[in-house]
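>>> Fold the following.
(3 chains, ligands or ions: 3)
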Amino acid sequence: MLRYTFFRLVQAAFVLLVMTFLLFMLIGMMPGDPVENMLEGNPALTPELARQMRELYGVGVPLPVRYWHWLTAAFQGDFGFSSLYFRPVLEILGPALLQTLKLMVATIVLSIPLSLLLGAIAALRPGGWMDTAISFFAFASISLPNFWLSLILIIVFAVQFGWLPASGTPLADNPSLGLQIYHSILPVTVLTMFFVGPLLRYVRASMIETMSSDYIRTARAKGLSETTVIVKHALRNALIPMVTVLALGFGMLFSGALVVETIFGILGMGKMIFDAIRYVDFNLALIGLLLATIVTLVSNLLADLAYAWLDPRITLK
Amino acid sequence: MSAIDTGLAGIPSAPRQTIWQLRRKRFLRNKPAVIALAILVTLTALCVLAYPYSLLMGLDPNETNLLMRFRPPTATHWLGTDSLGRDVLLRLMYGGQVSIAVGVLGTLLTALIGILIGVWAGFLGGKVDAFLMRLTDVVIALPMTPVLIVLGAVDLSKLGLSQALASSPGVVFLRIVVIIALVDWTTIARITRAATIEVRQREYVKAATVSGARHLYNVLVHVLPNITTPITVAATLSVGRIILFESTLSFLGFGIVPPTPSWGNMLTNAQELIISAPALAVYPGLLIFLTVISVNFVGDGIRIAFDPRSEK
Amino acid sequence: MNALVEVDNLNLHFPIDDGFFKEKLTLRALTDVSFSVEEDETLAIVGESGSGKTTLGYTISGLLTPTSGRIKFGAALGGHSQKRPVQLVFQDPFSALDPRMMVGDIVAEPLRLQGVSRAERLQQADDVLEQVGLPAESARRYPHEFSGGQRQRIAIARALIAKPKLIVADEPLSALDVSIQSQILNLLNKIKRDRTISYLFISHDLGVVHHLADRVIVLYLGRIMEIASRQDLFATPSHPYTQALLESVPRIGRGRRKPGQALKGEIPTPLSPPPGCVFHTRCPRAQEVCRRQIPELLPAPGRPEQLSACHFKD
Ligand SMILES: Nc1ncnc2c1ncn2[C@@H]1O[C@H](COP(=O)(O)OP(=O)(O)O)[C@@H](O)[C@H]1O
Ligand code: SF4
Ligand SMILES: [Mg+2]
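Ligands and ions are numbered 1, 2, ... in the order given. I've put the predicted structure just below:
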């Protein structure tokens, strides 16, 4: 197990390294002059420094060399400046990542009980009308364009009724927790709607499997009430492997959150990355994308490790 | 005939139902799937009719008319007009052509890449397999939306295409198809690989090999025809996913760019007009939703029809 | 006699890797296997499951490449142009036939791979189908329309169509109902009468072997324990392992029998076969020398044609 973990860590580190190169190249192919894009925004940029930088990254310098300069600088903690915000990129991306994670944690906290509840109800009588309705809901969840759902919810709850704010970011300087939650209701609803479908399908399938297993039959035969059987045995059984599903879904949820942020004007990773790409902010885009890759890598890694942990056959390999 | 007892009693005199007849029957019994298929066919037909409809009504999807902005539905403009005075229904029809075409072509390309990689890895095994599966792991580990957007933002003129060509609608369309396929092939590759490994070790492949069959023969004659089921199911489901990718990209401004309409980019505009013209935000999204959910129901129906054991 | 195939010092090892941090293990599926298949004979391979029978069959057919040693298709072929005039018949008649192909195309496949035109090969397929006792119209059906026994006939037809010199039949009866088994056995015998062909007949059923084999090879943990004619093997088994196998089939086992000779224990793993005589962990006659020294495959006392690998053979 330890070995497997180590191997996966090495693999993830390698993937990250490859990604730095790919992204460096791709972002270099965005419109505009990559070198100027890179240098802009640095307040300490004296003409002398600019000349040095152009020497390192300039037109005549081959791409691998340019990449190498960037990589060595990055390893020394120098990730460059944002040309949009005139600040070091990490100063911008740190809070943004936190913001996105908050959104995701809220979604996960809501999605788990909801999917357990809906999945359990559907599994009670497979093929019954409740099951059919819940299955339809799950299909809707995976088929809804989340940016559209955001617009519709804004139209209904913010524009028509005026009950909820259309913006995900409170205007106040130091917003209270309550205010923050109030502003997060719509975005979190969209993300939950998006996340709960795959989860509940999983819970339902695993519940149906457990409910027909011998050990549930034994529990029933012992005269335990149906509620006890479901809650204590079937649900609990479904919960353990759900860790894996959650971790795998994390990357997907992250991607979803990025889109939803742009609509609700939340200053998270998504907004940063999109603005960076739209306005060709080289450093911000690069580091933002790398952070996004790290988040996805880590969640996949956790999923694999959780899976290996729970399924002894894998570790034997 | 030989003298020995041949035990032929079991040979039917006429062929029984072919497997396809059975599958069709099982699919047709699945009501949601049939309804979904009907919706899909109708939607596609409507989109295909965009051109005849424009002739019939004397409309042009891209001609702006500032005197005709935000008109409510009328006899000529059944769904009214948009912020530039263009007919909403006609633009929805043309946008649908784009979305559906991206979905179908993207799936074909995704399937092509996925099948090639999956069969290659699964059939050859060993180092090739290990390398290709690591590659698949890497692509799966990418954050989908941001990567799509970077790919969408790449300036094609830096790849040697002329500025005019790079921004022509045809190239923009193909580029969407290609970049989506570049990140989406992993599911089909994994499924194909697993199926290939299963079929590869079947004994009819061994029999052919003993008779002198090469890899290519075995792949084309024995493996591919026997793995169509999982690939078809996976490909159907990927149509829905790809339509969602395309609409998201176009919505964010990195996909199909105006004036060419797509359901995604029609929502970009609508976003700024949700107070003055909320209806404009409803139709395109509703159509995306309807199309994707129908595709998913059809995919589920195919899955059940192909493998009745999976019905749970 | 004319040797059709000569197998010389064959070894086949499967490398087993342990994930990515490779702890290279070797599974010794076949070790120092030497024998020959004569023209027009039925040579049976017997042994418990996991003893390497299938691996041997696959290696002779060319599906597996030996780690070392040689397989020579010899003089009896008389300049035959085919590289390896071998065909396979498998145990499982279900996975042996491609469900997406019509029976005619399945049977004709070896000819297709030789470049014979479709009309020509389908014509031949009809003929062969008839020879194995299936009506010609079977050619236009799909495998799922046939029973297990009928499928095995189809598989035999496919093996026959290319006129092989050797058919490797890997437990061709064990998946069939008992009543069908004898039909297929009769079919194999009939084919043998009609043409000059050798069978390498793999089986773990000594009863069937007794019925059909000319000679028998006894395999244990990838090594040959004994080679003998059918008569010798069943009448005077030389190797303790052979004796133990016969012991479990009292109906045919007419060999010398000592009480308590039946096999006990499990077959050891071929990942680390026992040193010395591989059979010593289960052999009732094992002595100290058996643990140290590998017995050579040598004639039994007074019977030059009967070879057995044991320090204390009968
Ligand atoms: N492809 C393979 N890779 C690794 N080990 C194998 C492979 N094929 C067979 N073996 C091993 O080789 C040994 C002999 O197998 P096999 O030839 O199938 O025996 P039999 O046919 O007598 O039952 C067994 O221990 C089996 O597990
Ligand atoms: S060599 Fe020894 S252990 Fe092996 S079979 Fe003969 S007596 Fe038994
Ligand atoms: Mg075998």
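
>>> excluding its backbone neighbours, what's nearest residue 275?
Chain wasn't specified; assuming chain A. The shortest distance from residue A:275 to any non-neighbouring residue, by CB to CB, 6 or more residues apart in numbering or on different chains, is to residue A:84 (6.4 Å). C-beta coordinates here come from the backbone N, C-alpha and C atoms, glycine included.

>>> sorry, should have said chain C
Leaving aside its chain neighbours, residue C:275 sits nearest to residue C:291 (6.5 Å; criterion: CB to CB, 6+ apart).

>>> gap between the helix or strand hosting the one you found and the chain center?
Applying DSSP states H and E as the criterion places residue C:291 in helix C:288-292. Centre-to-centre, helix C:288-292 and its host chain are 30 Å apart (CA atoms, centre = their mean, to the nearest Å).

>>> I'd assumed residue B:97 was in contact with residue B:287.
No - using CB atoms under 8 Å, residue B:287 is not in contact with residue B:97; the gap is 11.7 Å.

>>> which of these two has more neighbours?
The neighbour count for residue B:287 versus residue B:97, taken as other CB atoms under 10 Å in any protein chain shown, is higher for residue B:287 (22 against 19).

>>> which SSE is that one in?
Assigned by DSSP H and E, residue B:287 falls within helix B:279-306.

>>> Which other helices and strands does the helix holding residue C:291 contact?
The criterion is 3 or more CB pairs under 8 Å, 6 or more residues apart in numbering or on different chains; DSSP states H and E, and there are no helices or strands that helix C:288-292 contacts.

>>> Can you name the next helix or strand after it?
Following helix C:288-292 in sequence order, the next helix or strand is strand C:297-300 (DSSP H and E).

>>> Partner strands of that following strand, with direction?
strand C:303-309 (antiparallel) (DSSP bridges).

>>> So what does the nearest residue to residue C:120 once chain neighbours are set aside look like in phi/psi?
Ranked by CB to CB, 6+ apart and with sequence neighbours excluded, the top spatial neighbour of residue C:120 is residue C:111, at 7.5 Å. When quoted as degrees, to the nearest 10, the phi and psi of residue C:111 stand at phi -70, psi -40.

>>> Now the helix or strand encompassing residue B:108: buried residues?
For residue B:108, the element it lies in under DSSP H and E is helix B:88-124. Neighbour counts using 16 or more other CB atoms under 10 Å in any protein chain shown place B:88-103, B:105-107, B:109-111, B:113-115, B:117-123 of helix B:88-124 among the buried residues.

>>> which of the residues in the helix or strand hosting residue A:94 are buried?
Element membership for residue A:94, per DSSP H and E: helix A:89-124. Judged by neighbour count (16+ other CB under 10 Å), helix A:89-124 contains these buried residues: A:89-90, A:92-93, A:96-97, A:99-100, A:102-104, A:106-108, A:110-112, A:114-116, A:118-124.

>>> Can you name the next helix or strand after it?
Using DSSP H and E, the helix or strand that follows helix A:89-124 in sequence is helix A:129-143.

>>> now what about that next one, what contacts it?
A:118-119, A:121-125, A:193-198, A:200-201, A:204, B:32, B:240, B:244, B:289, B:292-293, B:295-297, B:300 (CB atoms under 8 Å, 6 or more residues apart in numbering or on different chains).

>>> rewinding a little: for the helix holding residue C:291, buried residues please.
By neighbour count with 16+ other CB under 10 Å, helix C:288-292 contains the buried residues residue C:290.

>>> do the same with stretch C:105-122
In terms of neighbour count (16+ other CB under 10 Å), stretch C:105-122 has its buried residues at C:105, C:106, C:107, C:108, C:109, C:110, C:111, C:112, C:113, C:116, C:121, C:122.

>>> Columns secondary structure on top of those, output as a markdown table?
Formatted as a markdown table, these follow (DSSP: H, G, I helix; E, B strand; the rest coil):
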| residue | secondary structure |
| --- | --- |
| C:105 | helix |
| C:106 | helix |
| C:107 | helix |
| C:108 | helix |
| C:109 | helix |
| C:110 | helix |
| C:111 | helix |
| C:112 | helix |
| C:113 | coil |
| C:116 | coil |
| C:121 | helix |
| C:122 | helix |
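
>>> Pipe the residues you listed into a markdown table and attach pLDDT per row.
Putting those into a markdown table (pLDDT from 0 to 100) gives the following:
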| residue | pLDDT |
| --- | --- |
| C:105 | 94 |
| C:106 | 96 |
| C:107 | 96 |
| C:108 | 95 |
| C:109 | 96 |
| C:110 | 95 |
| C:111 | 95 |
| C:112 | 95 |
| C:113 | 94 |
| C:116 | 92 |
| C:121 | 94 |
| C:122 | 93 |
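
>>> Among these, pick out the one closest to residue A:243, please.
residue C:106 (47.6 Å; CB to CB).

>>> Now do the same for the closest residue to the closest one other than its chain neighbours: helix, strand or coil?
Counting by CB to CB, 6+ apart, residue C:106 lies nearest to residue C:97, which is 5.4 Å off, once chain neighbours are set aside. Here residue C:97 is recorded as coil under three-state DSSP.

>>> Quick check: residue B:172 touching residue B:257?
Yes - if you go by CB under 8 Å, residue B:172 and residue B:257 touch, sitting 6.1 Å apart.

>>> Comparing these two, which shows the higher neighbour count?
residue B:172 (18 against 15).

>>> Mind listing the residues bridging to the closest residue to chain B within the stretch 201-314 of chain C?
In the stretch 201-314 of chain C, the residue found nearest to chain B is residue C:202; the distance is 13.5 Å by CB to the nearest CB. Beta-bridge pairing of residue C:202, defined through DSSP bridges, involves residue C:45, residue C:170.

>>> how many other residues sit next to it?
25.

>>> so who does whichever residue of the stretch 51-200 of chain A sits closest to ligand 1 touch?
Distance from ligand 1 to each residue of the stretch 51-200 of chain A (CB to the nearest ligand atom) is smallest for residue A:198, at 37.0 Å. Residues near residue A:198 by CB under 8 Å, 6+ apart: A:138, A:141, A:142, A:245, A:249, A:252.

>>> what's the host helix or strand of residue C:186 packed up against?
Assigned by DSSP H and E, residue C:186 falls within helix C:178-194. Judged by 3+ CB pairs under 8 Å, 6+ apart, the packing partners of helix C:178-194 are helix C:148-161, helix C:206-212.

>>> let's see 10 Å
If contacts are counted by 3 or more CB pairs under 10 Å, 6 or more residues apart in numbering or on different chains; DSSP states H and E, helix C:178-194 sits against strand C:42-46, helix C:118-131, helix C:148-161, strand C:166-170, strand C:198-203, helix C:206-212.

>>> Which pLDDT does the model give residue B:24?
Per-residue pLDDT puts residue B:24 at 86.

>>> How about residue B:64?
For residue B:64, the pLDDT comes out at 70.

>>> try residue A:238
Taking residue A:238 on its own, its pLDDT is 68.

>>> Buried ones from the contacts of helix A:129-143, can you make that a PyMOL selection?
This is how PyMOL selects the buried members of the contacts of helix A:129-143, with burial counted by 16+ other CB under 10 Å:
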select buried, (chain A and resi 118+119+121+122+123+124+193+194+195+196+197+198+200+201+204) or (chain B and resi 32+240+244+289+292+293+295+296+297+300)
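
>>> Need the nearest residue in space to the residue nearest to the spatial centre of chain A, chain neighbours excluded.
Nearest to the mean C-alpha position of chain A, counting by CA atoms, centre = their mean, stands residue A:254 at 1.5 Å. Distances taken as CB to CB, 6+ apart place residue A:295 nearest to residue A:254, at 5.4 Å, with adjacent residues excluded.

>>> Could you pull out the buried residues of the one helix or strand the one you found maps to?
Per DSSP H and E: residue A:295 is located in helix A:282-310. Neighbour counts over helix A:282-310 (16+ other CB under 10 Å) mark A:282-297, A:299-309 as buried.

>>> how much does that helix deviate in direction from helix A:89-124?
Angle, helix A:282-310 to helix A:89-124, by axes from the mean of the first three to the mean of the last three CA atoms, to 10 degrees: 40 degrees.

>>> ok now helix A:282-310, how far from the chain's centre?
Centre-to-centre, helix A:282-310 and its host chain are 9 Å apart (CA atoms, centre = their mean).
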